[in-house]
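> below is the sequence, then the predicted model.
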Amino acid sequence: MGLLTKAVIKIETNSFDKNNAKLWKDMPTIEGVKVTDGLNYTNDKEEEFRLFNIYEPVDSIDSLPVVIDIHGGGWMYGDRNLNGEFAKYCASLGTKVLTFSYRILDKVKLIEMVQDVFEFMHYISKNAAELRLNLKKCAIVGDSAGGHLALLFMAINASKELQEIYKVEPVDLDVSFICLQHACASLTDTIFEGKSKFLDIAMNFYRKALFGRKRKTDKIYLNSSIDQFVKYLKLPKVLVVSATGDDLKKNNDFMLKVFDENDIKYEYKEYEGLFHVFQVMKYDLKESKEINSYMIELFKQSRKE
């Protein structure tokens, strides 16, 4: 990866840090939740990028439903702690929430990120009893780039062809509910239709960083966007959340268009004026509490169906 790409990632990371510090300032703490921090899901030497947390009520029981959260951050920012307050809030509603780190830009490309997601899913599936996790009818939640990875996981897990391309083995995971929050599920060069020069430049940067300069013949690139892998998707109950003030809303809208064209059913909630992944980054907003509580309610309903 070139020096310019590394410099851009560093600048963007600093920007994310400053923005999140403002969002999290004076945010109230959530009581009654126990956090098990920094569990290792790999034997690889790069352990700091392969750790996970478990959030659960202090009086937790083994049978509580499990939410697996895949954090966003533009494929280049964040770790298992990024969505910590969001995870605490969901745990306070009577669930166990798992958050995990995966390697990001500029360490790796998209294929390694996907492989990390699969490695984590394999680990918790094989060690569910030891970890006291009830993975029967669990949920997957993904925000922004995490929504992309959540959909990719579901498509790859259902397709032997994609498993060979991404070099992963399928996971025996019983998923009854998926929530896609402001998902950025497309990396194609037409996503913003030339209407935003800045976003066109940004997406071109991501494509080069995630796939390299010769991406147009790369099987990973050709099977990385929602319109390319939708034919493999087998989804359970789906909730999609967005906001009119989201600068990246066109990416989420494109995903919905693909869903509609392929008769994929989903429930859609849109919030007026709020920003990208507001319910994850600012859990204490009235609207965040509303949609996150509704999400957990839908998830619990899905387990009875």
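Yep, it's here.

> export the helix ranked longest in the chain to PDB, keeping only CA atoms.
If you go by DSSP state H, the chain has its longest helix at helix 3-24. Only the C-alpha atoms of helix 3-24 are listed here, as PDB (Å, rounded to 0.1, in the frame of the first residue of the first chain):
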ATOM      1  CA  LEU A   3       2.500   6.200   1.200                       C
ATOM      2  CA  LEU A   4      -0.300   8.400   0.000                       C
ATOM      3  CA  THR A   5      -2.900   5.900   0.900                       C
ATOM      4  CA  LYS A   6      -1.400   5.400   4.400                       C
ATOM      5  CA  ALA A   7      -1.300   9.200   4.900                       C
ATOM      6  CA  VAL A   8      -5.000   9.500   3.900                       C
ATOM      7  CA  ILE A   9      -6.000   6.700   6.300                       C
ATOM      8  CA  LYS A  10      -4.100   8.400   9.100                       C
ATOM      9  CA  ILE A  11      -5.800  11.800   8.400                       C
ATOM     10  CA  GLU A  12      -9.200  10.100   8.300                       C
ATOM     11  CA  THR A  13      -8.500   8.200  11.500                       C
ATOM     12  CA  ASN A  14      -7.700  11.400  13.300                       C
ATOM     13  CA  SER A  15     -10.900  12.900  12.000                       C
ATOM     14  CA  PHE A  16     -12.900   9.900  13.200                       C
ATOM     15  CA  ASP A  17     -11.300  10.200  16.600                       C
ATOM     16  CA  LYS A  18     -12.100  13.900  17.000                       C
ATOM     17  CA  ASN A  19     -15.700  13.500  15.800                       C
ATOM     18  CA  ASN A  20     -16.300  10.600  18.100                       C
ATOM     19  CA  ALA A  21     -14.800  12.400  21.100                       C
ATOM     20  CA  LYS A  22     -17.400  15.200  20.500                       C
ATOM     21  CA  LEU A  23     -20.300  12.700  20.200                       C
ATOM     22  CA  TRP A  24     -19.300  10.700  23.300                       C
END
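
> same question for that helix, mean pLDDT?
Averaging pLDDT along helix 3-24 yields 88.

> now the helices for the stretch 51-200 of the chain?
Listed in chain order, the helices of the stretch 51-200 of the chain (DSSP state H, counting those that start in this stretch) span 84-92, 110-126, 128-131, 145-157, 160-166, 197-211.

> next, the angle helix 197-211 makes with the second one.
Meaning helix 110-126. Compare the direction of helix 110-126 with that of helix 197-211 by axes from the mean of the first three to the mean of the last three CA atoms, to 10 degrees and you get 70 degrees.

> mean neighbour count, distance to Tyr266 and mean pLDDT added to the helices of the stretch 51-200 of the chain, as TSV?
Any C-beta I mention is one placed from the backbone N, CA and C, and that applies to glycine too. Below are the helices of the stretch 51-200 of the chain laid out as TSV (neighbours: other CB atoms under 10 Å; distance: least, CB to CB, whole Å; pLDDT from 0 to 100):
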stretch	mean neighbour count	distance to Tyr266	mean pLDDT
helix 84-92	24	20	98
helix 110-126	21	21	97
helix 128-131	13	28	97
helix 145-157	26	12	98
helix 160-166	16	21	98
helix 197-211	16	24	77
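
> rewinding a little: got the contact list for the longest helix of the chain?
73-74, 76-78, 85, 105-106, 205, 208-209, 281-282 (CB atoms under 8 Å, 6 or more residues apart in numbering).

> now the residue nearest to Leu222 when sequence neighbours are not counted, what's its secondary structure?
Spatial nearest neighbour of Leu222, chain neighbours left out: Gln228 (6.3 Å); criterion: CB to CB, 6 or more residues apart in numbering. Recorded secondary structure, Gln228: helix (DSSP: H, G, I helix; E, B strand; the rest coil).

> pull the contacting residues for Pro104.
Wrong residue type there; residue 104 is Ile, not Pro. Per CB under 8 Å, 6+ apart, neighbours of Ile104: Phe49, Gly73, Trp75, Met76, Tyr77, Gly78, Met113.

> ah, wrong one, I meant Val168
Counted by CB under 8 Å, 6+ apart, Val168 has contacts Val114, Gln115, Phe118, Ile156.

> tell me which residue lies nearest the centroid of this structure.
Gly146 (2.0 Å; CA atoms, centre = their mean).

> what's the neighbour count on the residue nearest to that one when sequence neighbours are not counted?
In space, and not counting its chain neighbours, Gly146 is closest to Ile70: 3.8 Å by CB to CB, 6+ apart. Number of residues near Ile70 (other CB atoms under 10 Å) recorded here: 26.
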